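Asks: only geometry, no sequence info:
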């Protein structure tokens, strides 16, 4: 035991000695690193104090990030800008909120550091890149709070304290600022919990580019959906072809007025394919109705899934499985 204690003490002395030789104090004696603005930031702060201060609170400029970018890293050399007395676009300074600046130039600044990020591997092939969307259209390096955040609301009225779960706006708010047609679907009665903040757009899509349609994060729609809905994956003894081909044949992934995100209410959604097979698929045809001459009991409280319950696939034997019966 004495030998072990001596060896441990010897190791500690070696570590401390190595630290002294390298000019590094022991961890307990080190003060936490603090980010100091670059000298040129003091000049920028004379006119852009709010931008400099908000930047130092972000991940790029936060305390401890000693190698983070500074003003001129992203906005370019400011000598000519300062000599011209400032002003929008003066001295060739790059303004990311300036719509006149091409998206390619603004994105190139970000890619100069983030080019190696695996999420950006297919940026050049993605729809956003092809539609001239710049990084700054979605990201704010100066940490400006969203319009619905607590910070923004308190500036309007310091007495209110709204019930929110985060200071940042939810991701879908950023995406639907352009994709307005998707926003209308998210507010329908049946929808994925996106507006509630439990599911995000980037859970299914890669906004930084992908080779797949709609930049989904899988090779096919069924592969994407079954990452969460694993019970629908199979394999099944009796498979339903639309399930294996594309879930969107029957469902609307963003939202629907019908239960279970169905594109139509059953039996209509089934009749899109099964329009004239076995017991008639034309339930709502002109031969039946509410009148006494041609009563039709299928107009209410009836649906294909009342009997064909395992519609995504079945492992039941014989005919029960073949026709997805209960």
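Replies: Received the coordinates, thanks. Note that this is a predicted model, so its numbers are computed, not measured. Residues are numbered from 1 along each chain as shown.
Asks: endpoints of stretch 214-223, how far apart?
Replies: End-to-end distance of stretch 214-223 (CA to CA, to the nearest Å): 14 Å.
Asks: show me which residues of that stretch are buried.
Replies: Neighbour counts over stretch 214-223 (16 or more other CB atoms under 10 Å) mark 215-216, 221-222 as buried. C-betas here are computed from N, CA, C, even on glycine.
Asks: any idea how the protein splits into domains?
Replies: 104-217, 230-322 (automatic domain parsing).
Asks: out of these, flag the one nearest residue 59.
Replies: domain 104-217 (8.9 Å; CB to CB).
Asks: now the helices for the stretch 201-326 of the chain?
Replies: Secondary structure of the stretch 201-326 of the chain by DSSP state H, counting those that start in this stretch: the helices cover 221-225, 241-245, 268-271, 318-322.
Asks: for residue 126, see how far away residue 233 is.
Replies: Going from residue 233 to residue 126 by CB to CB, to the nearest Å gives 27 Å.
Asks: look at these two and report which has more neighbours.
Replies: When residue 233 and residue 126 are compared for neighbours, residue 126 comes out ahead with 20 against 15, by other CB atoms under 10 Å.
Asks: and for the more buried one, nearest residue in space, chain neighbours not counted?
Replies: residue 209 (2.7 Å; CB to CB, 6 or more residues apart in numbering).
Asks: give me the neighbour count for that neighbour.
Replies: Around residue 209 there are 18 residues (other CB under 10 Å).
Asks: do residue 133 as well
Replies: The burial count for residue 133: 17, using other CB under 10 Å.
Asks: now it: which helix or strand?
Replies: Residue 133 is part of no helix or strand when elements are defined by DSSP states H and E.
Asks: next one: the residue nearest to it when sequence neighbours are not counted from residue 123, what distance?
Replies: Counting by CB to CB, 6+ apart, residue 133 lies nearest to residue 103, which is 6.3 Å off, once chain neighbours are set aside. For residue 103, the distance to residue 123 equals 12 Å [CB to CB].
Asks: pLDDT below threshold where in the stretch 1-150 of the chain?
Replies: Segments of the stretch 1-150 of the chain classed as low confidence (criterion: pLDDT under 70) are 1-41, 62-67, 89, 143-150.
Asks: ugh, wrong one, I meant the stretch 201-326 of the chain
Replies: 276-302.
Asks: ok so, going back, rebuild the helices of the stretch 201-326 of the chain as a markdown table, extending it with distance to residue 76.
Replies: Output for the helices of the stretch 201-326 of the chain, formatted as a markdown table (distance: least, CB to CB, whole Å):
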| stretch | distance to residue 76 |
| --- | --- |
| helix 221-225 | 40 |
| helix 241-245 | 51 |
| helix 268-271 | 56 |
| helix 318-322 | 67 |
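Asks: identify whichever of these lies nearest to residue 170.
Replies: When the helices of the stretch 201-326 of the chain are compared by CB to CB, helix 221-225 sits nearest residue 170, at 20.9 Å.
Asks: what segments of the chain are strands?
Replies: 238-239, 313-314 (DSSP state E).
Asks: parallel or antiparallel, list what pairs with the first one.
Replies: Meaning strand 238-239. Strands that pair with strand 238-239, judged by DSSP bridges, come out as strand 313-314 (antiparallel).
Asks: still on that earlier bit, could the domains of the chain go into a markdown table alongside distance to residue 51?
Replies: Output for those, formatted as a markdown table (distance: least, CB to CB, whole Å):
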| stretch | distance to residue 51 |
| --- | --- |
| domain 104-217 | 5 |
| domain 230-322 | 36 |
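Asks: tally of neighbours for the nearest residue to residue 172 once chain neighbours are set aside?
Replies: Of all residues not flanking residue 172 in the chain, residue 194 sits nearest, at 5.1 Å (CB to CB, 6+ apart). Residue 194 has 24 neighbours, counted by other CB under 10 Å.
Asks: who are the contact partners of residue 194?
Replies: Applying CB atoms under 8 Å, 6 or more residues apart in numbering, we find residue 194 in contact with 172, 186, 200-201, 254.
Asks: and the residues you listed, which two are furthest apart?
Replies: 200 and 254 (12.7 Å).
Asks: hang on, the earlier thing: and the helices of the stretch 201-326 of the chain: which comes nearest residue 306?
Replies: For residue 306, the closest of these is helix 268-271, at 11.4 Å, according to CB to CB.
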